[in-house]
Structure formats: C-alpha cells, structure tokens
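Student: any chance you could fold what I've pasted below:
(chains A and B)
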Amino acid sequence: MKILTGNDLSTGDVIWWAGDGWSRQVGESVDVGDKGNDLARAEEAALRVVGAYVIDASRDEGGVRPAHIKDRIRALGPTVRPDLTLKPNDADAGNWVI
Amino acid sequence: MYRYDSYDQSIVDARVEEFRDQTQRRLAGQLTEDQFKPLRLMNGLYLQLHAYMLRVAIPYGTLSAKQMRKLGEIAAKYDKGYGHFTTRTNLQYNWIKLADAPDILAELATVEMHAIQTSGNCIRNISSDQYAGVSADEATDPRPWAELLRQWSTFHPEFTYLPRKFKICVIASKEDRAAMRLHDIGLKLVSRDGQIGAEVYAGGGMGRTPMVAPQIKDFVPEDEIVSYLEACLRVYNRYGRRDNKYKARIKILVHELGVEEYKRQVEEEYAHMKQLGLNPPTEELDRIRPFFANPAYEQGLADEIDRADPAFALWVDRQVAAHKQPGYAIVNISLKPKGGIPGDASAEQIGLVADLAETYSFDELRVTHAQNLVLPHVKKADLYAIWQKLDEAGLAEANLDLITDIIACPGLDYCSLANARSIPLAQKLSERFADAGRQKDLGELKVKISGCINACGHHHAGHIGVLGVDRKGVENFQLSLGGSGAEDAAVGQITGPGFSEDGVVDAIEKVTDLYLAEREEGERFLDTYRRLGMKPFKEAIYG
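Tutor: Numbering: from 1, shown residues only, chains lettered A, B, ... in the order given. A predicted model of the protein is given here:
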C-alpha cells in the first residue's frame, strides 16, 4: 500500500494521512493509491503539513508498517528514548521498528 | 569572556524580529516552504525526523554560567527536557515547535546568544581549543582571534552564499584538541622571533571526501590574518564548484588545483588586497583582548589534592588536566555515562553545570568537539566538592579519551540525512567496555561513529571509526582504523566488508584484543596500528 506522511507545519509532529485528516498514529494511515502526490500538494497549500511524501507500507495483524526503517522510526519516535515515543508505557511498542 | 557591545546586541535583536516576522508569514501562508526554508536555516532551524530542530551557536565553545543556565531553561520550557551537544560545540534541541522558535531566539538574545551561522553555505561558528587560555603549552590565547573572526564572518556580505559551508578553527597549542586540520581552514597561532602569527592550513574536512588540510602558509603576521583569510575565501568563492554540491567544499578545489596552484592564487589575491589597505584595525583586536584576560586567580594556593577517596582519585586521574596557574586545574565533565547517549544532557544537568561554573570556575565553561564539557578555572581545593555534585547528577564518569568516550552523531534516531543509527551502537560499545580497569588498560582510544557519509560523528578521525550505511533498508556498519583528529591528523582506512550492529561491536573487541596482545611498551592503540598496519587487524576481524 502507499501511505502519505509529513510533519505538522506548526508543531513539527510526524503525521500520517488518515483519509479525512491527519493523525499522529501510523496505524490510522489509509492507502492513498496514486493520489498521494496530489493530496500532498493540496494539504501543503492548506498549511496543514510540511514536507509531505508518499511511502510504501504494508498492513498486517499489528497494523500499518512503513517499508523503510527511517519511516518506522518516525512512526514511533527515537529508539533510544522509549520515554519519548508515542507509547512510552509499552515496553514492546518498538518491537516492529527495527 | 567577550561581552556584546551595542552593535552586537542590536544585530542579534534585529535578526530575532526579522525571523519572527518571517515565521508569522510562513504560518499565515504568505511564504511557501521553498521560500521559508533558506530563511529558517539561516536561523539554525532544521526540519528533522520527528520535529523541528534548533541548533544554537556556541562560539568557539565558550559559555558563561548565565548562558548555560538559559540553555537548560529553554530545554525545559520549549523542548522535552534535554539538549544535545554536538561535534561542532553547538547545542541542538530536537523537539521545537515552529511557532516557538522566534521566542526561543529572543530568549537566547537576552544572554548574547543566537543560532546564526549554524546552517547554510556561510562561514559557520568558529571553533577552537577547549583549553584555550588555560593551557600551559599555547603560544598565545586563541580566543581573541576566534572572536575577531566571529565578528568578521557574521553576516559578511561577500561570504553569505559560498559554494558550500565553511568551517574555520583557531588553536595555539602544540597539542591539537580541536581537529584543526580537518576544517576548511585551520589556523595555528605560533610565536616566531617574539611575534605572533599563524600557520595556515586549507582544504581539510571530513564528509564523503575526507582530507587532512595541507599547510599553505607557514607564517602570517597577526595583523594580516583576517586579510589573508579573506584572500583564501575569495579564491574559493570564485572557483569553488557550485555545479555539484558533493564537490563544492574547498578541499575539492585545493585538491583539484593542487596545493601549489591554490597557494599561488591566494598569494596573488592577497598581494592585490594588500595594496588596498583592507586589514582590519588592530584597535579592534586590542578592544577584544581584555575580555579574555586571566580571571582573578588566587595566588599561593596548594597544588596537592587529597586523594583519600579512591573513586574521586580515579576521576581526578582521568578528568582533570593541568592548568597554567598553580593551584588550579581544568575539569573535564563527561557526557558519556555507561549506556548513555553521547552529548545529551538533561535540563537539570545543564543547570547544575551552570551552577558549578558560576561557583567554582569564574563563571565560565567550555564545550568540546568530543561532546563533553569543561570547567576551565577550578581551584584544586574545590575538586572534591565538584566531583560529589557531578556524581549525584550522573556526570562523574571517568573516561576522557578512553574507549567509552565515544563521539556519535544523532544518527537515524533523529536525523533526516542519516542512514543508520549511531547512538544504539555507542550504547552497546559503552556497555561492552564498561569495566573501568579494562578501559584504563586499553588507554587512549578514540571511537567515533557517524550515521551517514556526512561524517558529523567524525568517524574518519577515529582511532576506530564506524560509518553507518543503508544496505537495502537494513543498517550496516563499516569499520575503519587509524584515523586521528589530533596533531598527528590522519584519515582512517576501511577494514573491509561491513557488519551488523552486534557484529561491529564484536569486531571492535577483536581489534582491541589484538592491540593488547601486540602492543609494545608505551604504545597507544594508534601507535600499534601504525606500526603493524592494517593486515593483522583485518585477519583478526575477518579471520
């Protein structure tokens, strides 16, 4: 599947296109098919995202998984600071990242 | 320390307000990202993996207690409670909101700080020796020249859009603690027949094409240093490769022209400039110098240190360096605790070090390119009290220049350019070699890790260097041996095929085992490597 990601223009947070808006949870990403680049341009113009780009991902029983390690790290947070990830209280949250 | 005059303060304040306006226009949609990006980068604001990152300049690595305290306050108020000291002796905040950036710059300006010259193709923050002004072996204090160059380079209209970024380092000691010859231009101040001047080195650097800078001039009198630098930069600005960013640094120009031809062109330009009488007035250097006068050292202090506490004695042996003033010492504070993140410090730790600098070090501290901190003027009688406070804060690691004093860039955990994570590897090495006796036995051994070819982790200059690469989406680590950023500067050589993260830790252990088996009396790791060459190490690693 193809998913769309970028950073929130104002906060810089990593965000993922969820179909009707942006989410901080990669698991809420939707397949954008071949519409990703058009969506990226429109959302950047609407000042909701900066640096938007389309990536390959897959969906399994655990959720949506970006294909590349860089985007998997973006999805959760720095691997060296589990306290600063999106799921700081879940010791197993990062098992799929590396 | 230097203090801003009204001109310094006004240009920094004006820049803050300019950036506030630019940011507001960006958030209001009046500027596109393409228009805004170069403006934010000129103010040190990057967009990294997880958020905006602000890189704050620490000119020649020198800070007052008040400035350090402000850095800690900003970490607590605007970031997630910590900052990262870099190999350029700057500080990076990793979790900045765009809307907060102008307020942060405004707070920095209240303590004479900014984020100018931390990005873009300009002359970057000047670097120097962390022992400047307190080392017994220096020809003169390099800080007045570093400050003069800071003022000269700030918003220099001719050098704001160079072919690429440009890094200048000034030292004045025989021992090079600042990797001077791995800068675009390195100046080594020397005394000749009672006159101060500079040896000039040009075309050094790391990145994808590492080079040790050759000497291009053996002596430039002190009142001509700025003009000579200007000539060096003019030649580069005119002929540097603007068509290819990978070949745009001065090292490529010097290499492609040849050292002699580059020197000839610089001399020609300099001869032209001399006729114009463009040397800056020596009065400005005279105005700057008193800011760097010795603090009011107490006289007649005892040189003895009470070493009754063995843990304290171990720390003194490793972290405390000789000071030019009897009764005083230089304290190195390690930011490399066992299993920690090299260069990271919490807001509380930053605040504590600020307090220590204020109480015990004449209000001054330094940042090193090895991502550690220094209290430059400490009474030996105060060392025990300082050590106790550092120990309580987790800052009393005794590993300066040992195998766990690892330089590591932020890597793929934070950096959008990185191909692999540097920090977890540093942490694993730190754990593997944690035993204090083992570290001491291995002696001076500088490990440096970069997460990509840009080499922010200085891997080329590591006695043992590691470069993280992306091999089909999987992290892979290349090992190199024999580099040095010191006065015996050298670029390390790659051992062979790369490794997994655990594999490279094992490989490094094999390298150190061979060193222990083969070393001769008094040899550091680097000496043994240079004597034996790569072959036996390669055999030990790849069997």
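
Student: list the buried residues in stretch B:308-317.
Tutor: B:Phe312, B:Trp315, B:Val316 (16 or more other CB atoms under 10 Å in any protein chain shown). For glycine as for every other residue, the C-beta is placed from the backbone atoms N, C-alpha and C.

Student: which SS class is the last one?
Tutor: Secondary structure assignment for B:Val316 (DSSP: H, G, I helix; E, B strand; the rest coil): helix.

Student: quick one: it and B:Ile386 touch, right?
Tutor: No - judged on CB atoms under 8 Å, B:Val316 makes no contact with B:Ile386 at a distance of 10.5 Å.

Student: closest approach to chain A from the stretch 251-400 of chain B, which residue is it?
Tutor: B:Ile341 (5.8 Å; CB to the nearest CB).

Student: from B:Ala434, how far out is the closest residue in space to that residue that isn't next to it in sequence?
Tutor: Once flanking residues are discounted, B:Ile341 sits nearest to B:Ile423: 5.3 Å by CB to CB, 6 or more residues apart in numbering or on different chains. With distances taken as CB to CB, to the nearest Å, B:Ile423 is found 16 Å from B:Ala434.

Student: higher neighbour count, those two?
Tutor: Under the criterion of other CB atoms under 10 Å in any protein chain shown, the comparison of B:Ile423 against B:Ala434 puts B:Ile423 first, with 28 against 14.

Student: so what's the more buried one up against?
Tutor: With contact taken as CB atoms under 8 Å, 6 or more residues apart in numbering or on different chains, B:Ile423 is in contact with A:Val80, B:Ile341, B:Pro342, B:Ala408, B:Pro410, B:Gly411, B:Asp413.

Student: just the buried ones from those, in PyMOL syntax?
Tutor: Here is the PyMOL command that picks out the buried ones among the contacts of B:Ile423, judged by 16+ other CB under 10 Å:
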select buried, (chain A and resi 80) or (chain B and resi 341+342+408+410+411+413)
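
Student: which of the contacts of B:Ile423 sits closest to B:Phe159?
Tutor: B:Pro410 (27.7 Å; CB to CB).

Student: check the secondary structure at the closest residue to the closest one other than its chain neighbours for me.
Tutor: Distances taken as CB to CB, 6+ apart place B:His84 nearest to B:Pro410, at 6.4 Å, with adjacent residues excluded. Assigned by three-state DSSP, the conformation of B:His84 is strand.

Student: and B:His84, how far is that from A:Gly21?
Tutor: The gap separating B:His84 from A:Gly21 is 32 Å, by CB to CB.

Student: contact partners for the residue in chain A positioned nearest to chain B?
Tutor: Here the residue of chain A nearest chain B is A:Gly12; by CB to the nearest CB that distance is 3.6 Å. Listed by CB under 8 Å, 6+ apart, the contact partners of A:Gly12 are B:Leu47, B:His50, B:Ala51, B:Tyr52, B:Trp95, B:Ile96, B:Lys97, B:Leu98.

Student: test my guess that B:Asp405 contacts B:Gly343.
Tutor: No - between B:Asp405 and B:Gly343 there is no contact under CB under 8 Å: 11.1 Å.

Student: which residues do the two both contact?
Tutor: Residues touching both B:Asp405 and B:Gly343 (CB under 8 Å, 6+ apart): none.

Student: now do the longest helix seen in chain A: which elements does it pack against?
Tutor: If you go by DSSP state H, chain A has its longest helix at helix A:36-45. If contacts are counted by 3 or more CB pairs under 8 Å, 6 or more residues apart in numbering or on different chains; DSSP states H and E, helix A:36-45 sits against strand A:2-7, strand A:14-17, strand A:50-60.

Student: which strand or helix spans the nearest residue to B:Ile407 once chain neighbours are set aside?
Tutor: Distances taken as CB to CB, 6+ apart place B:Lys448 nearest to B:Ile407, at 4.3 Å, with adjacent residues excluded. Here B:Lys448 sits within strand B:447-450, counting by DSSP states H and E.

Student: and that strand, C-alpha only, in PDB?
Tutor: What follows is strand B:447-450, C-alpha atoms only, in PDB (Å, rounded to 0.1, in the frame of the first residue of the first chain):
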ATOM      1  CA  VAL B 447      35.900   5.700  18.900                       C
ATOM      2  CA  LYS B 448      33.800   7.900  16.600                       C
ATOM      3  CA  ILE B 449      30.500   6.900  14.900                       C
ATOM      4  CA  SER B 450      28.700   8.600  12.100                       C
END
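
Student: packing partners of it?
Tutor: Looks like strand B:447-450 contacts strand B:407-408, helix B:423-432, strand B:464-471 (3+ CB pairs under 8 Å, 6+ apart).

Student: B:Glu73: which of those is closest?
Tutor: That would be helix B:423-432 among those, by CB to CB, at 25.0 Å.

Student: which is the next helix or strand following that closest one?
Tutor: Under the assignment DSSP H and E, the closest C-terminal helix or strand after helix B:423-432 is helix B:436-442.

Student: residue contacts, the closest residue to A:Asp13 other than its chain neighbours?
Tutor: Nearest residue to A:Asp13, sequence neighbours excluded (CB to CB, 6+ apart): A:Arg24, at 5.9 Å. For A:Arg24, the contacting residues are A:Asp13, A:Val14, A:Ile15, A:Trp16, A:Leu86, by CB under 8 Å, 6+ apart.

Student: mind doing that once more with 7 Å?
Tutor: Contacts here follow CB atoms under 7 Å, 6 or more residues apart in numbering or on different chains; on that basis A:Arg24 touches A:Asp13, A:Val14, A:Ile15, A:Leu86.

Student: which pLDDT value goes with B:Tyr7?
Tutor: Per-residue confidence (pLDDT) for B:Tyr7: 95.

Student: for the helix or strand encompassing it, packing partners?
Tutor: Using DSSP H and E, the element containing B:Tyr7 is helix B:6-27. Contacts defined by 3 or more CB pairs under 7 Å, 6 or more residues apart in numbering or on different chains; DSSP states H and E place helix B:6-27 against helix B:33-41, helix B:101-109.

Student: B:Trp95 touches B:Lys80, doesn't it?
Tutor: Yes - counting by CB atoms under 7 Å, B:Lys80 is a contact partner of B:Trp95 at 4.8 Å.

Student: neighbour count winner among the two?
Tutor: Ranked by neighbour count (other CB under 10 Å), B:Trp95 and B:Lys80 place B:Trp95 first, with 21 against 17.

Student: tell me the secondary structure at that one.
Tutor: Strictly by three-state DSSP, B:Trp95 counts as strand.

Student: cool, and B:Ala178?
Tutor: B:Ala178 - assigned by three-state DSSP - is coil.

Student: and the residue of chain B closest to chain A?
Tutor: Taking CB to the nearest CB, chain B has B:Ala51 as its residue nearest chain A, at 3.6 Å.

Student: picking up where we left off before, give me the contact list for the longest helix of chain A.
Tutor: A:Lys2, A:Leu4, A:Trp17, A:Val32, A:Val49, A:Val50, A:Ala52, A:Tyr53, A:Val54, B:Glu33.

Student: now the buried members of those.
Tutor: A:Lys2, A:Leu4, A:Trp17, A:Val32, A:Val49, A:Val50, A:Ala52, A:Val54, B:Glu33.

Student: kindly reformat those as TSV containing distance to B:Ile11 and pLDDT.
Tutor: Conversion of the buried ones among the contacts of helix A:36-45 to TSV gives the following (distance: CB to CB, whole Å; pLDDT from 0 to 100):
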residue	distance to B:Ile11	pLDDT
A:Lys2	47	98
A:Leu4	41	98
A:Trp17	42	98
A:Val32	46	98
A:Val49	34	98
A:Val50	29	98
A:Ala52	36	98
A:Val54	42	98
B:Glu33	27	97
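
Student: which residue is the nearest non-sequential neighbour of the residue of chain B closest to chain A?
Tutor: B:Ala51 sits nearest to A:Gly12 (CB to CB, 6+ apart), 3.6 Å away.

Student: pretty sure that neighbour sits in a helix.
Tutor: No - the assignment for A:Gly12 (three-state DSSP) gives coil, which keeps it out of a helix.
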